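**Q** build me a model from this:
(chains A and B)
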There are 2 protein chains.
Amino acid sequence: MSRKIRNILFIMFDQLRWDYLSCAGHKTLHTPHIDRLASKGVRFSRAYVQSPICGSSRMSFYTGRYVHSHGAQRNNFPLKVGEMTLGDHLRASGMDAFLVGKTHMEADAKGLERLGIAPDSIIGARLSECGFDVFVRDDGLWAEGPDGFYDDRRSPYNEYLKSKGYPGENPWADHANASITDDGMLASGWLTQFAQQPANIREEDSETPWLTTQCIDFLQTPGRDDRPWLCHLSYIKPHWPYIVPAPYAGMYGPDDIQDVIRDESEKRDPHPVYDAYMQTLVSTSYSREGVRDNVIPAYMALIKQCDDQMGRLFAHLEETGRMDDTLIVLTSDHGDYLGDHWLGEKNFFHEQAVKIPLIVYDPRPEADATRGTVCDALVEAIDLAPTFLEAIGAEVPSHILEGRSLMPFLHGREPEQWRDWVICEFDYSTTPMATKLGLAHRDARAFMIFDGRWKMIHFEGGFEPMLFDLETDPEEFRDRRADPECAAEIERLYEALGQWARRLSQRTAISDAEVDKLTGKSQRRGVLLGLYDGAELPEEMTVKLRARPVPDFRERTG
Amino acid sequence: MSRKIRNILFIMFDQLRWDYLSCAGHKTLHTPHIDRLASKGVRFSRAYVQSPICGSSRMSFYTGRYVHSHGAQRNNFPLKVGEMTLGDHLRASGMDAFLVGKTHMEADAKGLERLGIAPDSIIGARLSECGFDVFVRDDGLWAEGPDGFYDDRRSPYNEYLKSKGYPGENPWADHANASITDDGMLASGWLTQFAQQPANIREEDSETPWLTTQCIDFLQTPGRDDRPWLCHLSYIKPHWPYIVPAPYAGMYGPDDIQDVIRDESEKRDPHPVYDAYMQTLVSTSYSREGVRDNVIPAYMALIKQCDDQMGRLFAHLEETGRMDDTLIVLTSDHGDYLGDHWLGEKNFFHEQAVKIPLIVYDPRPEADATRGTVCDALVEAIDLAPTFLEAIGAEVPSHILEGRSLMPFLHGREPEQWRDWVICEFDYSTTPMATKLGLAHRDARAFMIFDGRWKMIHFEGGFEPMLFDLETDPEEFRDRRADPECAAEIERLYEALGQWARRLSQRTAISDAEVDKLTGKSQRRGVLLGLYDGAELPEEMTVKLRARPVPDFRERTG
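**A** Numbering: from 1, shown residues only, chains lettered A, B, ... in the order given. Okay, here's the model as predicted:
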């Protein structure tokens, strides 16, 4: 049997922490459907995002390039119009690329206007949607405040809820992400006080089942399999607000949650940037009585619901034969601190934030040998784009993509010279931490380099770096920045960071093969330097240069 | 009198070494017209290019960005379609941008095609011409070899020569860049043996007068002054082939040339990359008897001709009043070794290659105090774009341009915190040096950092850096790379190079002011993290979140 990969299903959850799956070791949260995918594929146990924030991380997944290369440094910073995405590369090889769900992509409206590209033209729409053709886009965050909505787009999910009879202007806020308290009050899902209450919505209408249905609709669209497709199925959950409908609400309680990973020593003489993070409201809230006990069971239940929806989706794929010709990736755009290291949210560089679950299932027989294995190679989010291209037999544009194909790991081959470190970046301009530290935009940036043992975090703006030894301190409690014994490690990691920062990342308009062809080309086109009389080179090269009798035309020049 | 800058004349010579002007100290080469511009403006004595090669250097001038940012690493590597240029920025402020001469720009044809932009549309043409509207483009290198022409474009200059009756398919090669020897042979200008012979052309038809005439035609075009313009007048000369028509040919002889700047010690234990450069044909040829004596007088004569054409042009500007409302810049895209340091061509990092002449004349009274002065601040080619924008009162897009406006120096103001170092880069992939050293493309790259005293050259590919102390060794004869006393300088310069390499260079789709506006914005749009019961924030922020009586719609959701 020689199967080929015809389609790619690229599933992304949002804020799904790497260790909140039973296949990754969670003791009380059982995720049998995701585990089953892991048993049929390879689970990467050291996969890292390029930025611990939705938008920037995703732009790296979609472009196959570091944040420092694509420039979408933060959520809602546009991806500039010249950046190429997965869709560009796949379409060039005959595969369509569709979106079902979230991208957090901000279009470069000014760039489009400058180039005279109408946003509603085909190319304009793709450039505005990160290279995808949109089956449905919903970024899933329909928050509203005194200055209006966080996201000004239309929300297909809100429209769905309205079509189902959920009343009000923003049923996402009042139903999917709210609950009715015991005393009959409408309680927002933003308030962690109520995280254990069931959401004010029927389970089948909540966000995760809704999007799964959208994906099944996508798969069942007549003619869908006429052309190979990549489908980016991209869920908002288990991202906050932390609230889940019955029967998931209440499924887990305080006894089911993992021990908090934090240490009093972390608060003694902390690095100033880390200190500023610890002092934010979202961080301090996790030290408040009841918050972890409310939030984490809800977070677990949201993941349990995601897993059940994976069961539903995988059953559909099996029934329709798609399991045999579809490469499936399941991952997340970053993790969640949940109170570990005295922090909330993501946006910093401990494993809880930057390490992600990553499972890749390749249906081909070549992958049989690795099914159910765990690979501990250092892997980056940017590796998926080249993996997809290699999977469909396309050439990987190495002058654009900065990741490496994971195919060797999937097929049990030793890769040539694998990477020595991973990089993750974060731009915390526009945040309270930057304000507190009095930093200019450009200085509110940090870079993590991790070589599998040592993790260094460099901060712009004149700070010392942070340093952790994950071999002797796997929980990252001891910042060794001031330890003289570690000076050589810091020097070595700075050298590596420098090498990375100087990388060739912008020479994207000419391929490596084309560069090869230019070697010696100018000589063979008559640009010949250092000739005294022409005898220095073979006659073929200099035939037009050597002194020769004046051609007939001489007399005509006068 | 309150003059305003209405126009910008941006004059570039090609391969004009910084010290080949009498205002810069050349003893035997008198350049009174350029000197006169210097006497009316400011001469920058420490101005550096971003790359010692035409194309990459120019792309930095035109984009205001480092080569590492714009990615056009070598000649004929396309400038990617997303990069913005001077023309984009100036037009946004009501100024046109025209080209008269050379850019060495390679269009990103694939990028245009991907975006559906027709190369002959207005935007397509501008993107293909580095943002300029083309009055005339001629890159000036109509070399031909066994594989055809170096440049496949049409040559307006060759067409001009044909219209003047110069016969043959390529009169550039047979007339402007050839001579008739004493024994009646046609001798190519590529052969330095004949560099002292007069070119086989009337002086007024040679390249420099031809382009000056083009510029005067540009200035005299009816309606020219209806709108403010930038004119990029960009000469091919004094770039090789080194040959010049009478009466310039023979104007200088071996007695007029400056002493060669090279030392036997440079050949002892040279850095391997420098060694590979020294062994190229163009380098070794300068050690051959007669080559410097032939080439340098011709090079000087070409410059003398350039200076005379400047006299003609400036006279025209004065007659037409343009001297009163036009900012004039005169510079070059890099220098020429001419045998110094045992090297030919440019493409390395000694002062002969990377330092350029730079004169800026500002007609406004604010500049009166600095007329005729010399400024020794560390200046980069990328500083011109912001200088032009400030000159016309436009906002400088600091999220795109990486240079700094020179206006403080022109107006005698102390700039805020000027730069501590300049950067220059060179990609020597596709060269014989890379082949000889067995380097992969990505490793055939070098970075120079110069702080005004210490110059370090970092090479990718695992080499040691080179280091020169220009205070104690202004001629750059002593590479201090192995001197233990200099270890701290190397460390310090590597730290600076790392800071530069990590710079924020790709966040070009959102301005600094727009980033400012995003601070705290998501909170005021309802993204509120870390709330337990909502009491943590002012009521205005949480009014939609706090538990409240269920609105009327409750019963309808059931």
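
**Q** against residue A:354, how distant is the residue in chain A that chain B sits nearest to?
**A** Going by Cβ to the nearest Cβ, chain B is nearest to residue A:82 of chain A, at 2.0 Å. Yep, even glycine has a C-beta here, placed from its N, CA and C like the rest. Distance from residue A:82 to residue A:354, counting by Cβ to Cβ, to the nearest Å: 27 Å.

**Q** then residue A:512?
**A** Using Cβ to Cβ, residue A:512 is found at 30 Å from residue A:354.

**Q** right, and residue A:277 touches residue A:346 too?
**A** No. Using Cβ atoms under 8 Å, residue A:277 is not in contact with residue A:346, being 10.8 Å away.

**Q** ok, back up a step: which residue is the nearest non-sequential neighbour of the residue of chain A closest to chain B?
**A** In space, and not counting its chain neighbours, residue A:82 is closest to residue B:82: 2.0 Å by Cβ to Cβ, 6 or more residues apart in numbering or on different chains.

**Q** residues near that neighbour, how many?
**A** Residues near residue B:82, counting by other Cβ atoms under 10 Å in any protein chain shown, number 27.

**Q** in which helix or strand would I find it?
**A** Using DSSP states H and E, residue B:82 sits within no helix or strand.

**Q** chain B contacts on the stretch 201-350 of chain A?
**A** A:201, A:240, A:280-286, A:288, A:290-291, A:344-345 (Cβ under 8 Å from any Cβ of the partner chain).

**Q** 10 Å instead, please
**A** A:201-202, A:205, A:240-241, A:280-286, A:288-291, A:294, A:344-345 (Cβ under 10 Å from any Cβ of the partner chain).

**Q** pull out the buried members of those.
**A** By neighbour count, with 16 or more other Cβ atoms under 10 Å in any protein chain shown, these hold A:201, A:205, A:240-241, A:280-286, A:288, A:291, A:294, A:344-345 as buried.

**Q** just want the phi and psi numbers for residue A:445.
**A** Backbone geometry at residue A:445, expressed as degrees, to the nearest 10, gives phi -130, psi 140.

**Q** in contact with residue A:98, which residues?
**A** By Cβ atoms under 10 Å, 6 or more residues apart in numbering or on different chains, residue A:98 lies in contact with A:10, A:87, A:132-136, A:215, A:218, A:221, A:224, A:229-233.

**Q** just list whatever residues bridge to it.
**A** Counting by DSSP bridges, residue A:98 is bridged to residue A:133, residue A:231.

**Q** quick one, grab the pLDDT at it.
**A** For residue A:98, the pLDDT comes out at 98.

**Q** again with the one 5 residues further on
**A** Model confidence at residue A:103, expressed as pLDDT, equals 96.

**Q** hang on, isn't it packed against residue A:126?
**A** No. Using Cβ atoms under 10 Å, residue A:103 is not in contact with residue A:126; the gap is 11.9 Å.

**Q** and for those two, which residues touch both?
**A** Shared contacts of residue A:103 and residue A:126 (Cβ under 10 Å, 6+ apart): A:85, A:132, A:134.

**Q** how about the nearest residue to the last one, chain neighbours excluded?
**A** By the measure of Cβ to Cβ, 6+ apart, the closest residue to residue A:134 outside its immediate chain neighbours is residue A:99, 5.0 Å from it.

**Q** got a list of what that neighbour touches?
**A** A:10, A:62, A:87, A:105, A:129-138, A:218, A:230-234.

**Q** burial check on residue A:365, number of neighbours?
**A** 11.

**Q** please report the distance of it from residue B:486.
**A** Residue A:365 is 59 Å from residue B:486, by Cβ to Cβ.

**Q** just the buried residues of stretch A:102-109, please?
**A** Buried, per 16+ other Cβ under 10 Å, within stretch A:102-109: A:102-108.

**Q** do that stretch and chain B meet?
**A** Yes. Counting by Cβ under 10 Å from any Cβ, chain B is contacted by stretch A:102-109 at A:106-109.

**Q** how long is that stretch end to end?
**A** 19 Å (Cα to Cα, to the nearest Å).

**Q** how about stretch A:102-120?
**A** Length of stretch A:102-120, first residue to last, Cα to Cα: 19 Å.

**Q** okay, stretch A:489-505 in PDB with CA atoms only?
**A** Output in PDB follows, covering the C-alpha atoms of stretch A:489-505 (Å, rounded to 0.1, in the frame of the first residue of the first chain):
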ATOM      1  CA  GLU A 489      27.100  29.800  29.700                       C
ATOM      2  CA  ILE A 490      25.800  33.300  29.400                       C
ATOM      3  CA  GLU A 491      28.700  34.200  27.100                       C
ATOM      4  CA  ARG A 492      28.100  31.100  25.000                       C
ATOM      5  CA  LEU A 493      24.300  31.800  24.700                       C
ATOM      6  CA  TYR A 494      24.900  35.400  23.800                       C
ATOM      7  CA  GLU A 495      27.200  34.200  21.000                       C
ATOM      8  CA  ALA A 496      24.500  31.900  19.700                       C
ATOM      9  CA  LEU A 497      21.900  34.700  20.100                       C
ATOM     10  CA  GLY A 498      24.100  37.000  18.100                       C
ATOM     11  CA  GLN A 499      24.500  34.400  15.300                       C
ATOM     12  CA  TRP A 500      20.700  34.000  15.200                       C
ATOM     13  CA  ALA A 501      20.100  37.800  15.200                       C
ATOM     14  CA  ARG A 502      22.600  38.200  12.300                       C
ATOM     15  CA  ARG A 503      20.900  35.500  10.300                       C
ATOM     16  CA  LEU A 504      19.900  36.000   6.600                       C
ATOM     17  CA  SER A 505      16.200  36.500   7.000                       C
END
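
**Q** perfect, that will be all.
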